[in-house]
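Engineer: predicted model follows, preceded by the sequence.
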Protein chains: 4
Amino acid sequence: MTTLLPFASDYMEGTYPAILEKLTAMNFTAQSGYGTDKISTSAKDKIRQACHCPDGEIYFLNGGTQTNAIVIDALLHRYEGVLAATTGHVSIHEAGAIEYTGHKVIQLPQTQGKLLASTVRQFMETFRADANNEHMVQPGMVYISHPTEYGTLYTKQELLALAETCRQYDLPLYVDGARLAYALAAPENDITLADLAASCTVFYIGGTKCGALIGEAVVIPQKGRIPHFFTTIKQHGALLAKGWLLGTQFDVLFSDGLYERIGRPAIESANVIRQALKAAGYTFYIPTVTNQIFVIMDNQKIEALSHTVAFSRWEPYDADHTIIRLATSWATTKKDTDSLIACLQPHDL
Amino acid sequence: MTTLLPFASDYMEGTYPAILEKLTAMNFTAQSGYGTDKISTSAKDKIRQACHCPDGEIYFLNGGTQTNAIVIDALLHRYEGVLAATTGHVSIHEAGAIEYTGHKVIQLPQTQGKLLASTVRQFMETFRADANNEHMVQPGMVYISHPTEYGTLYTKQELLALAETCRQYDLPLYVDGARLAYALAAPENDITLADLAASCTVFYIGGTKCGALIGEAVVIPQKGRIPHFFTTIKQHGALLAKGWLLGTQFDVLFSDGLYERIGRPAIESANVIRQALKAAGYTFYIPTVTNQIFVIMDNQKIEALSHTVAFSRWEPYDADHTIIRLATSWATTKKDTDSLIACLQPHDL
Amino acid sequence: MTTLLPFASDYMEGTYPAILEKLTAMNFTAQSGYGTDKISTSAKDKIRQACHCPDGEIYFLNGGTQTNAIVIDALLHRYEGVLAATTGHVSIHEAGAIEYTGHKVIQLPQTQGKLLASTVRQFMETFRADANNEHMVQPGMVYISHPTEYGTLYTKQELLALAETCRQYDLPLYVDGARLAYALAAPENDITLADLAASCTVFYIGGTKCGALIGEAVVIPQKGRIPHFFTTIKQHGALLAKGWLLGTQFDVLFSDGLYERIGRPAIESANVIRQALKAAGYTFYIPTVTNQIFVIMDNQKIEALSHTVAFSRWEPYDADHTIIRLATSWATTKKDTDSLIACLQPHDL
Amino acid sequence: MTTLLPFASDYMEGTYPAILEKLTAMNFTAQSGYGTDKISTSAKDKIRQACHCPDGEIYFLNGGTQTNAIVIDALLHRYEGVLAATTGHVSIHEAGAIEYTGHKVIQLPQTQGKLLASTVRQFMETFRADANNEHMVQPGMVYISHPTEYGTLYTKQELLALAETCRQYDLPLYVDGARLAYALAAPENDITLADLAASCTVFYIGGTKCGALIGEAVVIPQKGRIPHFFTTIKQHGALLAKGWLLGTQFDVLFSDGLYERIGRPAIESANVIRQALKAAGYTFYIPTVTNQIFVIMDNQKIEALSHTVAFSRWEPYDADHTIIRLATSWATTKKDTDSLIACLQPHDL
């Protein structure tokens, strides 16, 4: 595997060198436990500043599915479910982690991987008009991700419209930012961290896929919005004794605006690859501007490619073609990008 | 906090230097995700070898509470609960993580922090004799930890007796080894990794508190004993995309017998501290031979000590005294040990 | 409400007179608790005989949603979900009772309200071919109802094909028989109680909607298939102290073949209504042969009808029409049927 | 069994005759579903009046364990547990129904089967003083029953003190009234329905053991205190399609003050039995004034008694004695009482 060109995902490499250096420098400095240390406090301050939410609460967790399950369980009442796009990560690829907490994922139609305000509105109106709705799971919040599961981006206008709709129907809005750095690094993106803090009830800033060794930062802009979140994290088995391990990483990521530029190499590489694919006549399954590229490819070509490139088989397209995903990362090099392009010969799809 | 002498816990420092070196060396080597990488495979092989269970299954998780909740939930049927000592970590200090999975922790009396075979036997006989026992939570497994929550050790004879009792009553036996390295490093300990593999249905080898940066290794000696454990881990939000992060650490910890000797500095330091405490006339709450020391201390002395030493207030002893815990670690230095001893002046308890 | 013609559901009336007589006769006869009484034993024997499963286990529960949640939770492993038609009762109208137990309802396309063997097969093949399926909820069983949520019937051939497919993929098959008496009373039905016992892992015989005052009878044809089901029922809060209350009713329902003929008045009435609707030019939403009739009706007509008839508004059909449901029951009289028909004037849909 | 004298429990007989008559009279009167019928509305009005809580919400459920699990789950946040006496019904005899909903039962010492204000206060003070309490299950409410599991009664003063303590610590107070009619009928009782409504966050009025065929009435004195309780009931599988079945029974029970006097025959019989036991030299395990009597009896005597009397073996007392329970009910006759007394020969304990 290690000799294949690494385009299977954005979590194949370790961490941004400055993070490793910081961890090494403080390796024998004793820290207090469970996130009560000074570096975690510093990291939280920096995140609050970057998000323009001086009163916000910040918590560090370990991974995306864990974060989604805990935040959703914490935001919902027991009789409520979460609205999500049919293609949302929580709908399919989290092994039922949401249902395990007792909550239904209410799947709504997606538009380019996105859940639009109009879709939520239509669902809510139908639900409210249903005389039997007390026999149904109550819609309790909205889940989206930015970028989406398909690498697409919400526009600021779409986000604001969704947030407004959520407010009207009293639905908390939660944004999964597992790959948020790749949105922030894309020129087409017009949503800032401050916009997220102003629009969402909760969102999380992805670390694992965005240059951290491990970790995600949950932002709750309104202080006190989720009581006893610390205990809830512990109850879900997600509280690290060494909380400073996560705090340290985010302290580096949020120093000197690193997080907002760390995804740039991924975007630059992805753009070059997209151009090459287009030039070679490939068809995209869905147009993207972030670090994920979904291409429809001939099964024979895929077989050949698999000997030199690590990539993901997404889903069958038709009898002879499959949708594959190429993902670049903060660590993608120009050399690997060029090598990949060389492998993507023109073809006759 | 950083200027206090670090005896509050065994998770205050980072990681064994060789681990950090290995992580640094492979930082830009691309790995496949979710533990399918080669280093994780290598680590698992080494653990199987150390435990003398060639067919065992190994899984890496992030922390102790998480591991306990997942393993217990996976071993129990829905109508079953777990037997544990009243002082067991799962009984009190995990924020209800076990109950959150739907299972009752059935608390049994402890003996020096240990759950003895005779206690389990007596409970099971009473339960079976109760004509109404179908209206009660069915006892479904036994949880112990080695060392215990109070730093004491099971003897091999006690472990074998408990395992035999569990077999008789068809109760899976699970051993929480959060601090296992400190048992293995204690001269009084006569339980090996191979003994655990031979006696337990499942046990875990602690990393977080034993020199790893983060992580625990679950050992299921009998292959196939827990079907779909991978999916169960994902469902609990505990599957790391970067599985190799955990695998790498355990690969180092299980090279050249490191794990079995990594706790020695902690034990040596603890022994020196115990001698000093005894010489100074302190009373131990419970006699221990591992890296945790529970001392009954005058509240005024505690207040004074807190200006120079980081330690844990365990529980009130009486109106004027409190039980405090001093914990050494793999990283404890002779210098800090000596400084601590200097702070522990003779007193008149 | 009481003056409206009662076609809103099949649970508007009390119970078959012989049941009330029996309850009255034994009102002061002391019974032992929790279903250990003699009448419950007698009822279970009669059900086993009617189902041709002499070794089967029978349990009495209180209602349909409760029964579905308990049986599904008992049949599934924690990492599994239940396959059901998108229109299945468990998918929509049970307020998330299945998800509350931690399991996802995996919704599959329906055909006339039915889940066909070919649909299950196609899902299973796709699932098995998916390289990431360990990250997904594992398909653990199949849920259907007979009659379906839309009043349609499986043919014996369809049932056998589904059972065979379930065997191939090692999926337990569970049949919800909330309205089973109305299937058994329909001339078009060719599935017997014995067929269900031979094909299903578990099924339930509906009482509440089929002439009992309250209660459902769960049949587990293979003895021991679900260990500790009694305790599971208690754990779900579904164990009645007065188990004999349910046993008594089923003892009457399964004396002299009552259950197999109790639905006949409902079917006869429904057939007359269907003929009248057809003659009057109404369009059926879906063709049915049991006690439920789904008609597309003009909203103005619906408003008018609501002053004389109790019926259910099912769902909007288009801007001007709604699907309504008329349900007959074991207690429906010829007089009410004739009155209803008089209200259903010819119209110009 | 039916020929034994019926003192095993208070749920051996059917229902108060007037209830059966009412059910018979309305058997063919069509009712609307899920408790939306007029009789349920009438019953709720009568209960509100009897409890002096004109704005209270009333819901009808099927049994005690179900009611406890649903109310406790509805009152608690996910990170909270319920405080209960070690002898509380929820602690032991509900098969883990509370833990199944994800909540820990935090067991506190009992005093004559009661949980006293001082015990709650002491627990709360210790909990609040514990620096690690965020790592523990948060105490979220208090559960008691009146009468208690051991047939004892709270005094009004004890109830008010407990309610006051709960208010101070912001803990909802829930009273399980499974056998409430037997408290209300006891001359020693000084707690009225109105007192319960004024003191509790929620309480339930037992039907199943107090003369109803089946059913319990949940009273939430403060309207809106538990949002979406209807959906929560459905989600737990506890919503009966035939809600009127429960409503009708409580309509009878709360007509003409029936509920407050229905337990009198039980109390009168129990008093006679207690006198006879005392005269015969038996020792009570615990002194009671309601319909349950706990006697320490010689095992040989118990064996002999079991041929003529149905009673409950509660728990072993010592090698030669067992605690048995004799329970009278609303249906206990003078004849059976006299026959029982004849069986309780003087003995030489």
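Structural biologist: Now that the structure is in, tell me what you want to look at.

Engineer: which parts of the stretch 151-300 of chain A are helices?
Structural biologist: Here the stretch 151-300 of chain A has its helices, by DSSP state H, counting those that start in this stretch, at A:156-168, A:180-184, A:193-199, A:229-235, A:243-253, A:258-261, A:264-279, A:299-305.

Engineer: adding distance to residue C:98, mean pLDDT and mean neighbour count, write those out as a markdown table.
Structural biologist: All C-beta spots, glycine's among them, are computed from the backbone N, C-alpha and C. A markdown table is the format used below for the helices of the stretch 151-300 of chain A (distance: least, C-beta to C-beta, whole Å; pLDDT from 0 to 100; neighbours: other C-beta atoms under 10 Å in any protein chain shown):
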| stretch | distance to residue C:98 | mean pLDDT | mean neighbour count |
| --- | --- | --- | --- |
| helix A:156-168 | 26 | 98 | 18 |
| helix A:180-184 | 33 | 98 | 30 |
| helix A:193-199 | 33 | 98 | 19 |
| helix A:229-235 | 23 | 97 | 24 |
| helix A:243-253 | 35 | 98 | 26 |
| helix A:258-261 | 40 | 97 | 18 |
| helix A:264-279 | 40 | 97 | 18 |
| helix A:299-305 | 38 | 94 | 16 |
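
Engineer: the helix or strand where residue A:142 lies pairs with which strands?
Structural biologist: Using DSSP states H and E, residue A:142 sits in strand A:138-145. Neighbouring strands of strand A:138-145 in its sheet, by DSSP bridges, are strand A:80-85 (parallel), strand A:173-177 (parallel).

Engineer: mind listing what residue A:345 touches?
Structural biologist: Counting by C-beta atoms under 8 Å, 6 or more residues apart in numbering or on different chains, residue A:345 makes contact with residue A:280.

Engineer: that one in helix, strand or coil?
Structural biologist: Following DSSP: H, G, I helix; E, B strand; the rest coil, the label given to residue A:345 is coil.

Engineer: and chain A, what are its domains?
Structural biologist: Domain segmentation of chain A under automatic domain parsing yields A:5-11+A:263-343, A:18-261.

Engineer: now residue A:33. Nearest residue, chain neighbours left out?
Structural biologist: residue A:241 (5.2 Å; C-beta to C-beta, 6 or more residues apart in numbering or on different chains).

Engineer: what distance do you get for that neighbour to residue B:13?
Structural biologist: Using C-beta to C-beta, to the nearest Å, one gets 12 Å for the distance from residue A:241 to residue B:13.

Engineer: repeat that for residue A:14.
Structural biologist: For residue A:14 relative to residue B:13 (C-beta to C-beta), the value is 21 Å.

Engineer: more neighbours: the two, which one.
Structural biologist: residue A:14 (26 against 21; other C-beta atoms under 10 Å in any protein chain shown).

Engineer: for the more buried one, give me its contacts.
Structural biologist: By C-beta under 8 Å, 6+ apart, residue A:14 lies in contact with A:20, A:213, B:23, B:26-29, B:245.

Engineer: buried subset of the residues you listed as a ChimeraX selection?
Structural biologist: Entered in ChimeraX, the line below selects the buried ones among the contacts of residue A:14, by 16 or more other C-beta atoms under 10 Å in any protein chain shown:
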select /A:20,213 /B:23,26,27,245
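
Engineer: and the contacts of residue A:14, which of them are in helices?
Structural biologist: Judged by DSSP state H, the subset of the contacts of residue A:14 located in helices is A:20, B:23, B:245.

Engineer: return the member of those residues nearest to residue A:332.
Structural biologist: residue A:20 (18.0 Å; C-beta to C-beta).

Engineer: am I right that that closest one is in contact with residue B:23?
Structural biologist: Yes - taking contacts as C-beta atoms under 8 Å, residue A:20 lies within contact range of residue B:23: 7.0 Å.

Engineer: need the contact list for residue A:262.
Structural biologist: A:16, A:181, A:185, A:210-211, A:253, A:330.

Engineer: mind putting those into CSV with distance to residue C:137?
Structural biologist: Formatted as CSV, the contacts of residue A:262 follow (distance: C-beta to C-beta, whole Å):
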residue, distance to residue C:137
A:16, 34
A:181, 30
A:185, 33
A:210, 27
A:211, 31
A:253, 33
A:330, 32
